[in-house]
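# The sequence isn't on hand, but the structure is:
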DNA sequence: GAATGCTATTCAATATACAGAATGAGAGAC
DNA sequence: GTCTCTCATTCTGTATATTGAATAGCATTC
């Protein structure tokens, strides 16, 4: 997901449209994502220009999306925005997502016990991870955080993905290079940390991703092979050291193993 | 949204596909909704049969949705299900939904003060309402409830929509008839309650929708005209009577009026 | 082990969704 | 007031998405 500065016709979209036998769907998804990213409702031209679509085609896409209640249309301003229909889909997804269900009480318990923010994330290969469950020790604006996306190899979860995913180094490096850290490790340093992660069973990011913030991640398997999810603990570095890192590490690892078993998965080495 | 018993090719979909200039999008939306409704992942044939689609067309739709990460595909079982991409869209919608943002603290306060479950809902004409924010006095599985849909005229919110929407009686009755209540009022009784709602400024449902459960709803306006949202309080009838119904009514009405002003709307009678 | 269901998938013909130009419809400049 | 610029929208021919049949895979049954 490259940030599009001002107006750069979407190149990836052009390819997706060409290859697909249902290009309207790629266009529709691109429109939805653009509307999601935008701070304010957008007009037809703005959308068409940003995505490199012909205005008339774009209009038909938008009309179809409005008819499906995925996009709202204000007849006065002629502006389009996301509609609540997307919420309904998300709710349905959450309802039958086993991992989110099973992880939630675990996250709540760990967040409360150790005073950290806990995430349950789903892994999408080497591409990215998505937050699917959240528990915060203080305050509770749950739903706004669920659904966040991050590059796969960033922070502690990234070290887990690299450690247990069995990817060739060349692929890892290609994905590693463009990452943005506040305090970036070198690829060599990072590979050592990945090796350490493989040994310990969980990953640590000590202020690399965000200065002063320590992140722990333990992988969860749904099938044998590559991990499908992870449990993540996020805390201020100082707070974590005081509050017993070792205990949190043990608890995190144990919870991840329990979840793996509940999901019918298999840890890599018995 | 008619419940499709077993296998009834979707009639509404057929019409939507025909009228639209981008039928693939209607098909895609129908597939997403079907996958959302389904308890388990579905195979290609099952989806095509249920929606009345040609299997090959359905395959292309599914492939496009998989490419957009809105649908997941298990190569072993050849089954399709909703993917986490829908979550990301929902999160983006929530982030820039003014009503949900403004309503959340209000709902939290009312839920805690009166020991009731509070909802913020968005109104879609005479068709339906969608829950966009939730606060429960005990326990907190927020996200799973957000996104729920109900028929527009059901329960207390329905009386508000009828009272302040200025719809012709014939339309109201057509929408009223098919509603399912546990203890259904007659249309005449209901119209009296609607009149009462117009007088009081908020709607009450005392055990009609669900026996033993009292629901209060106060409308919120985003523009002049028809109400766009509502605040809803749900409690056991007995608990509500003890805990000071009048106070809750006043607080609900006051909060709805405050929200209306914050959203830049206008109450009907100055 | 062949046969019979069921799947998912490919393929070739054609109905139609789409691109691009032409037309309306407003908003602002002067 | 008129002109102009930009926006949304309609119109029309053609590349192509969709269709329905044909193929291929994979269990289960006989």
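Okay, I see it. Just so we're clear, the structure is a prediction, and the values are computed from it rather than from any experiment.
# Below-threshold pLDDT in the stretch 101-250 of chain A: ranges please.
For the stretch 101-250 of chain A, residues meeting the criterion pLDDT under 70 lie at A:137-144, A:242-244.
# list the contacts for the nearest residue to residue A:252 once chain neighbours are set aside?
Leaving aside its chain neighbours, residue A:252 sits nearest to residue A:218 (4.7 Å; criterion: Cβ to Cβ, 6 or more residues apart in numbering or on different chains). The C-beta positions use only the backbone N, C-alpha and C, and glycine is treated the same way. By Cβ atoms under 8 Å, 6 or more residues apart in numbering or on different chains, the contact list for residue A:218 reads A:160, A:201, A:202, A:203, A:230, A:231, A:252, A:253, A:255, A:256.
# helix, strand or coil for residue A:218?
At residue A:218, secondary structure determined by DSSP: H, G, I helix; E, B strand; the rest coil is strand.
# Would you format the contacts of residue A:218 as TSV with secondary structure and distance to residue A:238 included?
TSV is the format used below for the contacts of residue A:218 (DSSP: H, G, I helix; E, B strand; the rest coil; distance: Cβ to Cβ, whole Å):
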residue	secondary structure	distance to residue A:238
A:160	helix	24
A:201	coil	25
A:202	coil	20
A:203	strand	20
A:230	strand	24
A:231	strand	22
A:252	helix	19
A:253	helix	22
A:255	helix	24
A:256	helix	25
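# near DNA strand D, which residues of chain A?
Applying Cβ under 7 Å from any atom of the strand, we find that chain A lies next to DNA strand D at A:21, A:22, A:23, A:24, A:43, A:44, A:45, A:46, A:55, A:56, A:59, A:78.
# how deep is the closest residue to residue A:181 other than its chain neighbours tucked in, by neighbour count?
Counting by Cβ to Cβ, 6+ apart, the nearest residue to residue A:181 once its immediate chain neighbours are dropped is residue A:208, at 5.1 Å. Burial of residue A:208 is recorded as 24 neighbouring residues (other Cβ atoms under 10 Å in any protein chain shown).
# Next up, the contacts around residue A:208.
A:155, A:181, A:182, A:183, A:184, A:185.
# Is it in a helix, a strand, or coil?
coil.
# just to revisit the earlier point, is the residue nearest to residue A:252 in a bridge, and if so with what?
residue A:231 (DSSP bridges).
# measure it to residue B:223 for me?
Distance, residue A:218 to residue B:223, using Cβ to Cβ, to the nearest Å: 50 Å.
# quick one: the closest residue to residue A:103 other than its chain neighbours from DNA strand D, how far?
Leaving aside its sequence neighbours, residue A:103 sits nearest to residue A:120 (Cβ to Cβ, 6+ apart; 3.8 Å). Computed as Cβ to the nearest atom of the strand, to the nearest Å, the residue A:120 to DNA strand D distance reads 33 Å.
# Verify the contact between residue A:120 and residue A:101 for me.
No - counting by Cβ atoms under 8 Å, residue A:120 stays clear of residue A:101, with 9.9 Å between them.
# Same drill for these two, tell me which one is more crowded.
Using other Cβ under 10 Å, the more surrounded residue of residue A:120 and residue A:101 is residue A:120, with 26 against 16.
# and the more buried one, what element?
For residue A:120, the element it lies in under DSSP states H and E is strand A:117-124.
# Given that strand, what are its sheet partners and their directions?
Paired neighbours of strand A:117-124 in the sheet (DSSP bridges): strand A:128-135 (antiparallel), strand A:229-236 (antiparallel).
# Let me have these in TSV, adding mean neighbour count and distance to residue A:177 as columns.
Output for the strands paired with strand A:117-124, formatted as TSV (neighbours: other Cβ atoms under 10 Å in any protein chain shown; distance: least, Cβ to Cβ, whole Å):
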stretch	mean neighbour count	distance to residue A:177
strand A:128-135	24	16
strand A:229-236	24	22
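# Minimum distance to residue B:37: which of those has it?
Counting by Cβ to Cβ, residue B:37 lies closest to strand A:128-135 out of those; the figure is 19.9 Å.
# Might you calculate how far the closest one sits from the centre of the chain?
Its chain's C-alpha centre and that of strand A:128-135 lie 6 Å apart, by Cα atoms, centre = their mean, to the nearest Å.
# ditto for stretch A:206-224
Computed by Cα atoms, centre = their mean, the chain-centroid distance of stretch A:206-224 equals 13 Å.
# distance between the ends of it?
29 Å (Cα to Cα, to the nearest Å).
# Any buried residues in it, and which?
Neighbour counts over stretch A:206-224 (16 or more other Cβ atoms under 10 Å in any protein chain shown) mark A:206, A:208-209, A:213-222 as buried.
# Let me know the closest of the residues you listed to DNA strand D.
Proximity of these to DNA strand D was ranked by Cβ to the nearest atom of the strand; the top entry is residue A:222 with 20.6 Å.
# Tell me who's in contact with the closest one.
Contacts of residue A:222 by Cβ under 8 Å, 6+ apart are A:99, A:228, A:229, A:260, A:263, A:264, A:265.
# State the distance from the closest residue to it other than its chain neighbours to residue A:146.
Counting by Cβ to Cβ, 6+ apart, residue A:228 is the residue found nearest to residue A:222 once chain neighbours are left out, at 3.9 Å. Distance, residue A:228 to residue A:146, by Cβ to Cβ: 17 Å.
# Give me the contacts around stretch A:163-181.
A:126, A:151-154, A:158, A:162, A:187, A:190-191, A:194-195, A:197-198, A:203, A:208-209, A:219, A:226-227, A:268.
# Type out the ChimeraX command that picks the buried ones from those.
Buried residues within these, by 16+ other Cβ under 10 Å, are selected in ChimeraX with:
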select /A:126,151,152,153,154,158,162,190,191,194,197,198,203,208,209,219,226,227
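# quick one: which of the contacts of stretch A:163-181 sit in helices?
Cross-referencing the contacts of stretch A:163-181 against helices under DSSP state H gives A:158, A:162, A:187, A:190, A:191, A:194, A:195, A:197, A:198.
# Would you confirm that residue A:263 contacts residue A:102?
Yes - at 7.1 Å, residue A:263 counts as touching residue A:102 under the criterion of Cβ under 8 Å.
# wait, what's in contact with the residue nearest the centre of chain A?
Centroid-nearest residue in chain A, with Cα atoms, centre = their mean: residue A:130, separated by 2.1 Å. Applying Cβ under 8 Å, 6+ apart, we find residue A:130 in contact with A:121, A:122, A:124, A:147, A:148, A:149, A:150, B:84, B:85, B:87, B:88.
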